[in-house]
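*Asks:* Give the three-dimensional model of this entry:
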Amino acid sequence: MNKKTINTLIISVTLLLFGSFTLYSFQREIQKPKLPVLGRVQPFSLQDSDGKTFGYDNLNGKVWVANFFFTTCSDICPMMSKNMANLSRSFDLVQNVALVSVTVNPENDSIQALKAYKEKFISGKKNWFFLTGKREEITDLVVNSFKLGSVDEPIFHSPKFTLVDRHGFIRGYYEGTEAEEINKLFKDAALLIKER
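*Replies:* Numbering: from 1, shown residues only. I've put the predicted structure just below:
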């Protein structure tokens, strides 16, 4: 074989291998299970533990986890907050991931109370936000956007953590007190970080 034929053969084999690899990668991507879309979070505007306005726009383009709690809860909230703290540490160095804890008892959970509660669980983290606002706004967010809780309960909250993608779509609900569910949430969040 002459040199030209050998070069043509090498190029052909290279293109064939590249094409096969591309097809294989594409098929693997198609076969990856996608997380379902379970709803959409509607725009909201509340206050964070520094007294600044914080809402939907602050989370645009980020994968985020939300939960609902109150600072004087001695039942499930401490365990949920501990698990949120673990998630916060896990995602500390990951760009565009946020955690959001919204009080469902805004009459008692002042901005100062939220700040003290946050410091108790995790100090100085920039990816975990504690929010408060008017009861009507919080009720609307919990019941109508996240589909959790009930307006019939004076102080209502759910043990669920909610995973939201970078476009504001709800992609999963997880038991916030169970380690196995938190591990699943972590893995699902990693999938959403890669998703565009």
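*Asks:* would you list every one of the helices in this structure?
*Replies:* Ranges of helices in the chain, per DSSP state H, are 3-31, 56-59, 77-90, 111-121, 135-139, 179-194.
*Asks:* ranking these by mean pLDDT, which is last?
*Replies:* Note on the helices of the chain: helix 3-31 shows the lowest mean pLDDT, a mean of 53.
*Asks:* Measure how buried residue 120 is and give me the count.
*Replies:* Neighbours of residue 120 under the rule other Cβ atoms under 10 Å: 12. Yep, even glycine has a C-beta here, placed from its N, CA and C like the rest.
*Asks:* ok, it to residue 100 distance?
*Replies:* Distance, residue 120 to residue 100, by Cβ to Cβ, to the nearest Å: 17 Å.
*Asks:* try residue 94
*Replies:* According to Cβ to Cβ, residue 94 stands 15 Å off from residue 100.
*Asks:* pretty sure residue 182 is in contact with residue 86, am I right?
*Replies:* Yes - using Cβ atoms under 8 Å, residue 182 is in contact with residue 86, at 7.0 Å.
*Asks:* which neighbours do the two share?
*Replies:* Any residue near both residue 182 and residue 86 by Cβ atoms under 8 Å, 6 or more residues apart in numbering counts here, and not one turns up.
*Asks:* Out of those two, name the residue with the larger neighbour count.
*Replies:* Using other Cβ under 10 Å as the criterion, residue 182 and residue 86 rank with residue 182 on top: 22 against 15.
*Asks:* Let me see the contact set for that one.
*Replies:* 83, 86, 87, 161, 174, 176.
*Asks:* One more pass at 10 Å, please.
*Replies:* 65, 80, 82, 83, 84, 86, 87, 90, 161, 174, 175, 176 (Cβ atoms under 10 Å, 6 or more residues apart in numbering).
*Asks:* Give me the buried entries from those.
*Replies:* Among the contacts of residue 182, those buried by neighbour count (16 or more other Cβ atoms under 10 Å) are 65, 80, 83, 84, 87, 161, 174, 175, 176.
*Asks:* And for the nearest residue to residue 68 once chain neighbours are set aside, the neighbour number?
*Replies:* Counting by Cβ to Cβ, 6 or more residues apart in numbering, residue 157 is the residue found nearest to residue 68 once chain neighbours are left out, at 4.3 Å. Residues lying near residue 157 (other Cβ under 10 Å) number 23.
*Asks:* Quick check: residue 157 touching residue 103?
*Replies:* Yes - taking Cβ atoms under 10 Å as the definition, residue 157 is a contact partner of residue 103 at 8.8 Å.
*Asks:* Just the pLDDT for the spatially closest residue to residue 106 that is not a sequence neighbour.
*Replies:* Residue nearest to residue 106 in three dimensions, not counting chain neighbours: residue 132, with 4.8 Å by Cβ to Cβ, 6+ apart. Here, the pLDDT recorded for residue 132 equals 97.
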